[in-house]
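Q: Quick one: sequence and predicted model below, then my questions.
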Amino acid sequence: MSFQRGQAPNHAPTDAGQLRDALVEMRAGADCEAAVTAFEDAVIRHGGGEVRDGSRNTVLLHDWEKIKQSPLYMQGMRRNE
């Protein structure tokens, strides 16, 4: 993930909760392989999206011409009226 976005700490609680849910299911008799695979698939799906977004963000933040076209650069942090 791109260091600018810092999404890992945001996803950690969700991932931990989903892992807990998978472990509870396994303890209740669910198929272990299926529960772990479902957990991994979810983590890979949302983690992969964040990595792709972070990569795009990194490219945008390192292209001065694109930065100069951004609303933050052009308008600053003023309220829209």
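A: Noted; the coordinates are in hand. Numbers count the residues shown, from 1 in each chain.
Q: elements contacting the lengthiest helix in the chain?
A: In the chain, taking DSSP state H as the definition, the longest helix is helix 32-61. For helix 32-61, the elements it packs on are helix 8-27, helix 64-68, judged by 3 or more C-beta pairs under 8 Å, 6 or more residues apart in numbering; DSSP states H and E. Yep, even glycine has a C-beta here, placed from its N, CA and C like the rest.
Q: Can you show me the CA trace of the last one as PDB?
A: Read it as helix 64-68. C-alpha atoms of helix 64-68 as PDB (Å, rounded to 0.1, in the frame of the first residue of the first chain):
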ATOM      1  CA  TRP A  64       3.500  17.800 -10.600                       C
ATOM      2  CA  GLU A  65       1.300  18.700 -13.600                       C
ATOM      3  CA  LYS A  66      -1.600  16.600 -12.300                       C
ATOM      4  CA  ILE A  67      -1.200  18.000  -8.800                       C
ATOM      5  CA  LYS A  68      -1.500  21.500 -10.200                       C
END
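Q: Contacts made by it with the rest, please.
A: 60-61, 73-74 (C-beta atoms under 8 Å, 6 or more residues apart in numbering).
Q: Quick check: pLDDT value at the residue nearest in space to the middle of the chain.
A: When C-alpha atoms, centre = their mean is applied to the chain, the residue found nearest the centroid is E50 (3.5 Å). We have a pLDDT of 79 for E50.
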